[in-house]
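**Student:** Here is a sequence with its predicted model. Questions after.
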Amino acid sequence: MRPARWEAVAPPAGLPLATPVEITLAEPAAAEALQASLAAAGIPATLVQAPGGSARTVLFTEGLAPAPMTARHWAALAAARPARQPGAKLIFLQRLSADTGLEGLTRTLRREWPEVSAACWTLLENVSGEVIAGWLASASEDLWISPDGTARRAALGPLAAPRPLPPAEQGLWLVTGGARGVTATCAIEIARQSGGTFLLAGRSAETPWPADVPETSDLKSLRGLMASAAVKRGEKPSPAAIDKAARAALAGLEIRATLAEIRAAGAGAHYLQMDTSDAASVDAALSTIGQRFGQITGLIHGAGIIADRLVEEKTEAELRRVLATKAEGLFHILARIDRAALRHVGLFSSASAFFGNRGQSDYAMANAILANAGRALRAELPAAQVKVFDWGPWEGGMVDATLASHFRQQGVPLIPLGEGARIFAHELLAGDTADVELVVGTVWSDT
Ligand SMILES: NC(=O)c1ccc[n+]([C@@H]2O[C@H](COP(=O)([O-])OP(=O)(O)OC[C@H]3O[C@@H](n4cnc5c(N)ncnc54)[C@H](OP(=O)(O)O)[C@@H]3O)[C@@H](O)[C@H]2O)c1
């Protein structure tokens, strides 16, 4: 495990760029100002609706447009497609804020399009066109650029020395995705270490186990058992209906098992049916929490889905689903709770946010947004522990048996459930408050 830190980058030493540049018109005012600054620096720039002309360097302004978060990220991905050509230098501009994550796109593009160099430049406050023109002479890499012209890049820092756990706190924890998958394992570990009351939230209903079927956690066997039980009752459900009922029963079983483990640890546990991607559902689930339980002091956001597909084939609907669950979901919750009462915030991100990953442009962006949102929360709540965990692959959750064997064949070690949960609990309860983003895993940090 290594914390993400920011290191200074030497200013560009080369000659100013003299080759033509295209600037996308997604944010016309910014595009025109940039064009004028580049012209003053002797760099010819053309404003384009879509890139794809002869210019090898493209500055994308989609990330500066005043569009909603998801639309902005989709627009940047869609704008990149026609610019793919060998030797192209694609630079995506965004302002530093809680709801930006275009670095997830450029880190993925570097993996999917090796013939192209892609970079995300995050502008801290008002950065002039002159400063941007100056950095065009540098190699393409993701930068945070300051108004004074200096820049920093993300790097992995040294592992901090372990600290002792603080005394138990008895807080009220809201844990999205906390009843199932790896987040459930982490919630149980926090319950063991810190006690308190846990509100586990997920889309699944707490479906009771079918009365005439023996308990099993294996989906295939359960389908068979449920089909036989239906035949005995004189029913003929379709295979799709059996599959749906079996998955619902397994979800209910997993939810009850997590609740039981948290209670066995001496903590309180309740289940909330809530879809993080739907603001109305979050509203409904959280509307009576204050009266029933008091203020939420710990937020763990583990809800997440994947819809892997290469940038060129990715659909807007897929990207919307992925961002809605994780990134919009976080903002839906933060808008409905008293943020000032938060003492712990743990966000489940992925190593793909830091390194990019083939097929995961949307997922990498959603997770990169979590990292920026985590840093913004850290600034807003200086007394709180805010941690964003960029996990490598776990031995569970969305890593099923097929994916696990794929990782093993590639020599990628998986994070064992117990070890991952202990790392999570220790960092969230006792980590160094200065480090917000942590990359957890081994091989990922070398790729
Ligand atoms: N497993 C890994 O190797 C790995 C690696 C890196 C990062 N992560 C991150 O870790 C988190 C948990 O992953 P996992 O592997 O445990 O995945 P998982 O087994 O697929 O579990 C996903 C969890 O999120 C919940 N969820 C999904 N969509 C939701 C929504 N719209 N509203 C509320 N809850 C929702 C699910 O419950 P319902 O189905 O009941 O809604 C479930 O509890 C994710 O954020 C993932 O990105 C996992």
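**Tutor:** Nice, thanks for sending it over.
**Student:** CA only for contacts and neighbour counts going forward, please
**Tutor:** OK.
**Student:** Alongside the ligand, which residues does the protein contribute?
**Tutor:** Contact residues (CA under 6 Å from any ligand atom) of the chain with the ligand: 176-183, 201-204, 274-277, 302-305, 325, 348-350, 391-394, 396-399.
**Student:** Pull out the buried members of these.
**Tutor:** For the residues of the chain next to the ligand, a neighbour count by 16 or more other CA atoms under 10 Å gives the buried set as 176-183, 201-204, 274-277, 302-304, 325, 348-350, 391-394, 396, 399.
**Student:** Inside helices: which ones of the residues you listed?
**Tutor:** Applying DSSP state H to those, the entries found in helices are 181-183.
**Student:** tell me the contacts of residue 225?
**Tutor:** Counting by CA atoms under 8 Å, 6 or more residues apart in numbering, residue 225 makes contact with 213-214.
**Student:** Quick check: which element contains it?
**Tutor:** Here residue 225 is covered by helix 219-232, with elements defined by DSSP states H and E.
**Student:** Going by neighbour count, list what's buried in whichever helix or strand comes after that helix.
**Tutor:** As assigned by DSSP H and E, the chain's next helix or strand after helix 219-232 is helix 239-264. Within helix 239-264, the residues that count as buried by 16+ other CA under 10 Å are 242-243, 245-256, 258-263.
**Student:** And the average pLDDT for helix 239-264 is what?
**Tutor:** What helix 239-264 shows for mean pLDDT is 97.
**Student:** Same question for stretch 341-355.
**Tutor:** So the average pLDDT for stretch 341-355 ends up being 97.
**Student:** Measure how far stretch 341-353 is from the centre of its chain, please.
**Tutor:** Between the centre of stretch 341-353 and the centre of its chain there are 9 Å (CA atoms, centre = their mean, to the nearest Å).
**Student:** Please export the C-alpha coordinates of that stretch as PDB.
**Tutor:** The C-alpha coordinates for stretch 341-353 follow below in PDB (Å, rounded to 0.1, in the frame of the first residue of the first chain):
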ATOM      1  CA  ALA A 341     -20.900  15.700  11.600                       C
ATOM      2  CA  LEU A 342     -18.700  13.300   9.600                       C
ATOM      3  CA  ARG A 343     -15.600  12.000  11.500                       C
ATOM      4  CA  HIS A 344     -14.800   9.200   9.000                       C
ATOM      5  CA  VAL A 345     -15.200   9.000   5.300                       C
ATOM      6  CA  GLY A 346     -13.900   5.900   3.400                       C
ATOM      7  CA  LEU A 347     -14.400   5.800  -0.400                       C
ATOM      8  CA  PHE A 348     -14.000   2.600  -2.400                       C
ATOM      9  CA  SER A 349     -12.000   3.400  -5.500                       C
ATOM     10  CA  SER A 350      -9.900   1.200  -7.800                       C
ATOM     11  CA  ALA A 351      -6.300   1.100  -8.900                       C
ATOM     12  CA  SER A 352      -7.700   1.800 -12.300                       C
ATOM     13  CA  ALA A 353      -8.300   5.400 -11.200                       C
END
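**Student:** Spell out the residue ranges of the helices in the stretch 1-150 of the chain.
**Tutor:** For the stretch 1-150 of the chain, the helices defined by DSSP state H, counting those that start in this stretch occupy 28-40, 69-80, 102-112, 129-135.
**Student:** residues touching the residue nearest to residue 393 when sequence neighbours are not counted, list them.
**Tutor:** Spatial nearest neighbour of residue 393, excluding adjacent residues (CA to CA, 6 or more residues apart in numbering): residue 414 at 5.3 Å. Shown in contact with residue 414 (CA under 8 Å, 6+ apart): 392-395, 404, 407-408, 441.
**Student:** same thing but 10 Å
**Tutor:** 392-396, 399, 404, 407-408, 420, 441-443 (CA atoms under 10 Å, 6 or more residues apart in numbering).
**Student:** From the chain's centroid, how far away is stretch 239-247?
**Tutor:** 30 Å.
**Student:** Quick one: residues in contact with it.
**Tutor:** Residues contacting stretch 239-247 (CA under 10 Å, 6+ apart): 204, 207, 209-210, 217-227, 230, 236-238, 248-253.
**Student:** change it to 8 Å
**Tutor:** 219, 222-223, 226-227.
**Student:** Any of these buried? List them.
**Tutor:** 222-223, 226-227.
**Student:** and of these, the nearest to residue 293?
**Tutor:** residue 222 (36.5 Å; CA to CA).
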